[in-house]
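> quick one, structure for this:
(2 chains)
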Amino acid sequence: KAGVTQTPRYLIKTRGQQVTLSCSPISGHRSVSWYQQTPGQGLQFLFEYFSETQRNKGNFPGRFSGRQFSNSRSEMNVSTLELGDSALYLCASSLDFRNTIYFGEGSWLTVV
Amino acid sequence: DQQVKQNSPSLSVQEGRISILNCDYTNSMFDYFLWYKKYPAEGPTFLISISSIKDKNEDGRFTVFLNKSAKHLSLHIVPSQPGDSAVYFCAASGEYGNKLVFGAGTILRVKS
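From the prediction side, this is the model:
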């Protein structure tokens, strides 16, 4: 059974640019959520999508956005990148509420 | 406002002995708890979970205990193995949807 797949694994962007990260959940999982991990802030929740609708949102600025497609695949976008956006971005999937949440390997974003 | 706290930044244990990792939470609305293991530059790996209707859950070498009155949970690993050396995160959820609040993590080192 394939796990959560995230692409790209590594990327470098320039301040002011935008970036799109992609996530393919485990087959059959309809909940996809995104997290940011930084040394200073730890693992922080960005947002969750379920059946193409945003179900939960964390405390991040509007530059961070996401969407989910009908096949449950998800993308997150960060516009007007700042140096502080450099982080490991993790995607997680789950069947639904109160089910085990599985994480992908993450996308390492470096903003220079 | 740290709603989930892992007060021990690190723990060192001899191979074959028990590892006990602790986690405290402040939000009484949390009712689902998970433990993850993480290596640098990788996504978290799910270990075990517990719902607030239980006070104990076991899976092989891993046992999680939940004390709701004290808002405390702990992960026991018996026997500890060198391959268990990693960062362990406690996470909690309580709202509708899969929004996890993570602790800061505990670095476990198992010495052979």
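> for the most centrally placed residue in chain A, which non-adjacent residue is closest in space?
Against the mean C-alpha coordinate of chain A, by Cα atoms, centre = their mean, the closest residue is A:Trp34 at 3.3 Å. Residue nearest to A:Trp34 in three dimensions, not counting chain neighbours: A:Leu46, with 4.1 Å by Cβ to Cβ, 6 or more residues apart in numbering or on different chains. C-betas here are computed from N, CA, C, even on glycine.
> the one you found: what secondary structure?
Under DSSP: H, G, I helix; E, B strand; the rest coil, the three-state class of A:Leu46 is strand.
> just the pLDDT at the residue nearest to the centre of chain A, thanks.
pLDDT for A:Trp34: 98.
> and it, that's in a strand?
Yes: the assignment for A:Trp34, made by three-state DSSP, places it in a strand.
> count of neighbours near the residue nearest to A:Trp34?
With neighbours defined by other Cβ atoms under 10 Å in any protein chain shown, the count for A:Leu46 comes to 22.
> doesn't A:Ser33 make contact with it?
Yes: using Cβ atoms under 8 Å as the test, A:Leu46 is close enough to A:Ser33 to be in contact (7.5 Å).
> so the residue nearest to A:Trp34 versus B:Ile77, what's the distance?
30 Å (Cβ to Cβ, to the nearest Å).
> low-confidence ranges, the chain, go.
You didn't say which chain, so I picked chain A. A:1 (pLDDT under 70).
> my question was about chain B
Within chain B, the stretches falling below the threshold (pLDDT under 70) are B:1, B:95-96.
> thanks again, I'm all set now.
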